[in-house]
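structure of the sequence below:
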Amino acid sequence: MADSRSLHLVSYSSSSDSSGSEETPPVIKKYKENTSKPLELPGAIANMFSEGDHIDVAEDHDGRKRSFAHVRGNWPTYIYIPITFPDGFNNVMESFLKKSSQDVIPFQS
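Residues are numbered from 1 along each chain as shown. Prediction:
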């Protein structure tokens, strides 16, 4: 009787074991192209925004300048996800930061 803790190996057939029958290649599904038209924007929403070109005036923004040009429809998105760390996580992080700071060469200007 074999020991229940022993490893069971899988035997794979070699190329010489082939019976001469060709395997059929896997079927690749073709996806249909989306030909539907996008929904039209409701008039109440479409009238909320002017269609004129955007002119950026820095004085309207306390003198701040954009890091890239304004693009209509490109809106900033922020997601807040509250996270609760398990007990002892802060201790582990402090230990990690202390140890890693010992391994880093200090920056000299």
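
what's the following helix or strand after the helix or strand of the chain with the lowest mean pLDDT?
Comparing helices and strands within the chain by mean pLDDT, DSSP states H and E singles out helix 43-46 as the least confident, with a mean of 81. Where DSSP states H and E defines the elements, the next helix or strand beyond helix 43-46 is helix 89-103.

which strands and helices lie in contact with the least confident helix or strand of the chain?
Packed against helix 43-46 by the contact rule (3 or more Cβ pairs under 8 Å, 6 or more residues apart in numbering; DSSP states H and E) you find no helix or strand. Backbone N, C-alpha and C define where each C-beta goes, glycine included.

can you tell me the centre-most residue of the chain?
Central residue of the chain (Cα atoms, centre = their mean): Ile79, 13.7 Å from the mean position.

do you know the pLDDT at it?
pLDDT, Ile79: 88.

Ile83 now?
90.

what do you get for Pro86?
90.

phi, psi of it?
The phi/psi pair for Pro86 (degrees, to the nearest 10) reads phi -70, psi 160.

any weak-confidence spans in this protein?
Applying pLDDT under 70 to the chain flags residues 1-21, 50-54, 106-109.

how close does the residue nearest to the centre of the chain get to Glu40?
28 Å (Cβ to Cβ, to the nearest Å).

ok, Thr77 - how many residues close by?
Thr77: 5 surrounding residues under other Cβ atoms under 10 Å.

kindly report the same for Gly73.
For Gly73, using other Cβ under 10 Å, the count is 4.

measure it to Asp56 for me?
Counting by Cβ to Cβ - Gly73 and Asp56 are separated by 16 Å.

if anything else comes up later, I'll come back, but that's it for now.
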